[in-house]
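J.: sequence-free structure coming up:
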């Protein structure tokens, strides 16, 4: 039996084991009660408005009905968006001047999983401090509303169109220039929510779209994380159709992976780097990425004379610092592009428009642009440890990394001039994650293995 994972990132579990409609309703009712008092956008009356959307998982409808039941029973006005990308949910919280939102998605987890991600009134996920307070509030008694004060439900079927309209209206994005190129794009939405949104955006940008895995059935066509090893079908399709490029998203469309015109995955780290390359000449400012993102951002920052600021892993940390610094572009190295002109959240739809804008403006092939940048390789590993040992292991590591510059913002990041190693506790699994980046994949993998060996000894 798996465990229900409740953390500042939300609550997730395998549906039918630790996650079920009763659990979902309990969390939703507590959230409705909590956010009515704690939203950064306080309600003008006693009826908090909550926006809800879901990805395509087969358990999504059961989760949705349970969540709506919990919310309206605490007096909330619910706006149901249906099956939409997570960044669409976040953006529509702001559109509806809502007090909060719930995205029903387990992101890149396998189809048997589902989850609830909780959103504040600014269209961003709950800050970890507030999320921690919310989890503590689960011990409080729920004040159910009577028949005269029960909440309500309304549908918004225009949420995706609103998102697309916002992207097309980005002032520095030359939409007509993109349309004039008539790009041929292969799109792999892994049978997630992207199948309902990404083709509409690409066609609005004048693209010829070849869709694979676009039916939002929740039966994922391959492992849903958009990593190179999961995208062979997309690579082959780009070559077969002689396409200009291919895009792949995860089930909730906040991560973007790209295949070049030769049918080669360029690596998800390049998504944010290419976005930086396009946006910075138009809106100069410092870049914000997380600690596990590539050194590519440092190279691009030097090119434009700006600085790179690094945060803990988690888009809320990146987005919050971007907002404080008025940063024009940033994100996370897992393909999570954050464009403030839309929202301070990861957004693969906006990322697609930015990448097409770069290709249209430079009139170069994607492989040529990628080859003009330094080549770095990130390796990733993880090790399961008893919970009580995790802190002990992290406390021991600095003595073994004395030759490095150490950053303790999020676990330990050991930094050398030509490589780095990042060791941190997972926020979603009972594991310690290890990331390493250097100028060769073999070296990065060896760096990870060496740390794993030290942790396990």
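T.: That came through, no problem. Keep in mind that what you see is a predicted model, and the values were worked out from it rather than measured. Numbering: from 1, shown residues only.
J.: Distance-wise, check residue 305 relative to residue 298.
T.: Noted for residue 305: a distance of 13 Å to residue 298, by CB to CB, to the nearest Å. Quick note: C-beta positions are derived from backbone N, CA and C, even for glycine.
J.: The two: who's more crowded?
T.: Per other CB atoms under 10 Å, whichever of residue 305 and residue 298 has more neighbours is residue 298, with 17 against 8.
J.: what's the domain layout of the chain?
T.: 5-157, 162-371, 377-456 (automatic domain parsing).
J.: Can I get the ones you listed in JSON lines including mean pLDDT?
T.: What follows is these, written out as JSON lines (pLDDT from 0 to 100):
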{"stretch": "domain 5-157", "mean pLDDT": "96"}
{"stretch": "domain 162-371", "mean pLDDT": "97"}
{"stretch": "domain 377-456", "mean pLDDT": "89"}
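J.: Can you point out the buried residues in the host helix or strand of residue 32?
T.: Assigned by DSSP states H and E, residue 32 belongs to helix 21-38. By neighbour count on 16 or more other CB atoms under 10 Å, the buried set for helix 21-38 is 21, 23-25, 27-36, 38.
J.: helix/strand/coil for the residue of the chain most remote from its centre?
T.: In terms of distance from the mean C-alpha position of the chain, residue 148 ranks first, at 39.3 Å (CA atoms, centre = their mean). Here residue 148 is recorded as coil under DSSP: H, G, I helix; E, B strand; the rest coil.
J.: Tell me the spacing between it and residue 35.
T.: Distance, residue 148 to residue 35, using CB to CB: 22 Å.
J.: next one: phi and psi at the spatially most central residue of the chain?
T.: Relative to the mean C-alpha position of the chain, the nearest C-alpha, by CA atoms, centre = their mean, is the one of residue 254, at 4.0 Å. For residue 254, the backbone dihedrals are phi -110, psi -10 (criterion: degrees, to the nearest 10).
J.: what sits against the closest residue to it other than its chain neighbours?
T.: Among residues not flanking residue 254 along the chain, residue 346 sits closest, at 4.0 Å (CB to CB, 6 or more residues apart in numbering). By CB atoms under 8 Å, 6 or more residues apart in numbering, the contact set of residue 346 is 87, 254, 255, 315, 331, 332, 336, 337, 338.
J.: Including secondary structure and distance to residue 43, could those go into JSON lines?
T.: Output for those, formatted as JSON lines (DSSP: H, G, I helix; E, B strand; the rest coil; distance: CB to CB, whole Å):
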{"residue": "87", "secondary structure": "helix", "distance to residue 43": "24"}
{"residue": "254", "secondary structure": "coil", "distance to residue 43": "27"}
{"residue": "255", "secondary structure": "coil", "distance to residue 43": "32"}
{"residue": "315", "secondary structure": "helix", "distance to residue 43": "26"}
{"residue": "331", "secondary structure": "strand", "distance to residue 43": "31"}
{"residue": "332", "secondary structure": "strand", "distance to residue 43": "32"}
{"residue": "336", "secondary structure": "strand", "distance to residue 43": "30"}
{"residue": "337", "secondary structure": "strand", "distance to residue 43": "32"}
{"residue": "338", "secondary structure": "strand", "distance to residue 43": "28"}
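J.: Tell me which two in those residues are the farthest apart.
T.: The largest separation in the contacts of residue 346, counting by CB to CB, is between 87 and 332 at 13.1 Å.
J.: Against residue 419, how distant is residue 300?
T.: 18 Å.
J.: So if I had to pick from these two, which one is more boxed in?
T.: residue 300 (23 against 19).
J.: wait, doesn't the more buried one sit right on residue 274?
T.: No. Assessed by CB atoms under 8 Å, residue 300 is found out of contact with residue 274, at 9.3 Å.
J.: Which helix or strand contains residue 101?
T.: strand 100-104.
J.: typo on my end, residue 90
T.: Assessed by DSSP H and E, residue 90 sits inside helix 86-95.
J.: Distance from the chain centre to that helix, please.
T.: Remark: helix 86-95 is offset 13 Å from the chain centroid, using CA atoms, centre = their mean, to the nearest Å.
J.: By neighbour count, which bits of that helix are buried? Give me those.
T.: Using 16+ other CB under 10 Å as the test for burial, helix 86-95 gives 86, 87, 88, 89, 90, 91, 92, 93, 94, 95.
J.: okay if I get those as JSON lines plus distance to residue 371?
T.: JSON lines is the format used below for the buried residues of helix 86-95 (distance: CB to CB, whole Å):
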{"residue": "86", "distance to residue 371": "32"}
{"residue": "87", "distance to residue 371": "30"}
{"residue": "88", "distance to residue 371": "34"}
{"residue": "89", "distance to residue 371": "37"}
{"residue": "90", "distance to residue 371": "34"}
{"residue": "91", "distance to residue 371": "34"}
{"residue": "92", "distance to residue 371": "39"}
{"residue": "93", "distance to residue 371": "40"}
{"residue": "94", "distance to residue 371": "39"}
{"residue": "95", "distance to residue 371": "40"}
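J.: quick check, nearest of these to residue 380?
T.: For the buried residues of helix 86-95, the nearest to residue 380 is residue 86 (22.4 Å; CB to CB).
J.: so how far is residue 281 from the closest one?
T.: Residue 86 is 29 Å from residue 281, by CB to CB.
J.: list the contacts for residue 178?
T.: By CB under 8 Å, 6+ apart, the contact list for residue 178 reads 205, 206, 353, 356, 357, 360.
J.: ok, and the closest non-adjacent residue to it?
T.: residue 360 is the one closest to residue 178 (CB to CB, 6+ apart), at 4.6 Å.
J.: Give me the distance between that neighbour and residue 177.
T.: Following CB to CB, the distance that separates residue 360 from residue 177 is 5 Å.
J.: Compare those two and say which is more crowded by neighbours.
T.: Shown here are residue 360 and residue 177; by other CB under 10 Å, residue 360 has more neighbours (22 against 14).
J.: wait, what's in contact with the more buried one?
T.: Neighbouring residues of residue 360 by CB under 8 Å, 6+ apart: 174, 177, 178, 180, 181, 183.
J.: Could you report the distance from it to residue 259?
T.: 18 Å.
J.: Kindly report the same for residue 400.
T.: With CB to CB as the criterion, residue 400 and residue 259 are 39 Å apart.
J.: Repeat that for residue 288.
T.: From residue 288 to residue 259 the distance is 27 Å (CB to CB).
J.: next one: residue 250
T.: Applying CB to CB to residue 250 and residue 259 gives a distance of 15 Å.
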